[in-house]
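Student: 3D model of this:
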Amino acid sequence: MWYSNKAPIIERKYSKSIIHHFKIGSHLGLTINPYQGCQHRCGYCYATYKWSPNFYDKIYGKINAAEILESELNKWKNTSMLPVMISSATDAYQSAEAKFGITKKCIQVLQQYHIPFYIFTKSSLIERDLDLFSKYSDDCFIVWSITTVDEKLRRIIEPGTPPASRIFETINKFVESGIKCCVNIDPIIPFITDGEQQIRNIVNKCQQSGLGNISGSVLRLRYDIWPRIREVLELIDLSWAIKEYEQIYGFQEPILHENNLTVDERYADKVMSSLKYEIFNRNIEFGFEKLMEQISRMKQECPVSLQQCRISEFL
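Tutor: Here you go, the predicted structure:
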């Protein structure tokens, strides 16, 4: 069940591997997910596939992740590395990180091996490691995922996340410390968070924080995501929009597609044009390709570099 007041069960697990290749469109990369499952309980979450039925309710900390990561990097010595994404399927700085500290240990390994990385998060817990990032600011960046600055909406669509005001407090500290930062407005949810004023409010906050990069995209639908979005629409008295979803996504109930459905191109163009208008009017760059380029130089210039220091020093 997506919406619940019960705290999730948090358990340890041992992993056989930790760093994996991924592909999104034409983009190839490497990713680390120190946790399985997520406490944020976002109704639109893309990571709730059938192989993770207890995604919201059972969180596994991969407690041997740092050791496995070091072992894998040892095997790739003298091999150039793509920047590593932390994390692609769950938040590496969800509350379980306060208990286990697995993400911090993995980052320390990446830094010791001179591997560039970037992090997607919705967390303010990441503040704990501010010094760690500030010492590595040339070769990492942070992307905060923000869907709304409307607190009433946030409590419904992503009840386990911190308020946007708290996240922007964290962003301010990172920007002031010279760490490259970006906000990803993703997903923009039709009829819920797609209003021009709603988008403008987020962009205004980003500008006030001194951010130079904003990205975003419209919600993709899947058979497991749609029932949660439909429930959100009902909870906020937008039941009339259910039929509109069928139109703009081109499906009929029940939705059976295991692959993602994208929104009608005309609708997407309208929403994204609104976002880009707000961004460009403030001299902010859309996307974080340049941030990626800045840290990707290591792909060509710096092969995996074995250090004298080993992860055991951090355990």
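
Student: which residues touch Gly37?
Tutor: Listed by C-beta atoms under 8 Å, 6 or more residues apart in numbering, the contact set of Gly37 reads Pro8, Ser52, Asn54, Phe55, Tyr56, Asp57, Lys58, Ile59, Tyr60, Thr90. C-beta here means a position set from N, CA and C on the backbone, and glycine is covered the same way.

Student: give me the beta-bridge partners of Lys180?
Tutor: Beta bridges link Lys180 to Phe141, judged by DSSP bridges.

Student: for it, the count of nearby residues, please.
Tutor: By other C-beta atoms under 10 Å, the residues close to Lys180 number 23.

Student: equivalent analysis for the one 3 residues further on, please.
Tutor: Neighbour count for Val183, taken as other C-beta under 10 Å: 26.

Student: now name the helix or strand holding Pro254.
Tutor: Following DSSP states H and E, there is no helix or strand that holds Pro254.

Student: any idea how far Asn283 is from the nearest residue to it once chain neighbours are set aside?
Tutor: Sequence neighbours aside, Tyr223 is the residue nearest to Pro254 in space, at 7.8 Å (criterion: C-beta to C-beta, 6 or more residues apart in numbering). Separation of Tyr223 from Asn283 (C-beta to C-beta, to the nearest Å) stands at 41 Å.

Student: look at those two and report which has more neighbours.
Tutor: Taking neighbours as other C-beta under 10 Å, Tyr223 and Asn283 compare with Tyr223 leading, 15 against 8.

Student: quick one: contacts for that one?
Tutor: Pro254, Ile255, Leu256, His257, Glu258.

Student: swap in 6 Å and give it another go.
Tutor: Counting by C-beta atoms under 6 Å, 6 or more residues apart in numbering, Tyr223 touches Ile255, Leu256, His257.

Student: just the buried subset of those residues, please.
Tutor: Ile255 (16 or more other C-beta atoms under 10 Å).

Student: kindly reformat the contacts of Tyr223 as a markdown table and extend each row with pLDDT and distance to Tyr35.
Tutor: Formatted as a markdown table, those follow (pLDDT from 0 to 100; distance: C-beta to C-beta, whole Å):
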| residue | pLDDT | distance to Tyr35 |
| --- | --- | --- |
| Ile255 | 87 | 28 |
| Leu256 | 82 | 30 |
| His257 | 76 | 27 |
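
Student: pick the one among the contacts of Tyr223 closest to Tyr249.
Tutor: Ile255 (8.3 Å; C-beta to C-beta).

Student: model confidence for the closest residue in space to that closest one that isn't next to it in sequence, exactly?
Tutor: Of all residues not flanking Ile255 in the chain, Trp226 sits nearest, at 4.7 Å (C-beta to C-beta, 6+ apart). Per-residue pLDDT puts Trp226 at 95.

Student: show me the helices in this protein, by range?
Tutor: 65-75, 96-100, 102-112, 130-134, 151-157, 164-176, 196-208, 226-235, 241-249, 265-280, 289-301 (DSSP state H).
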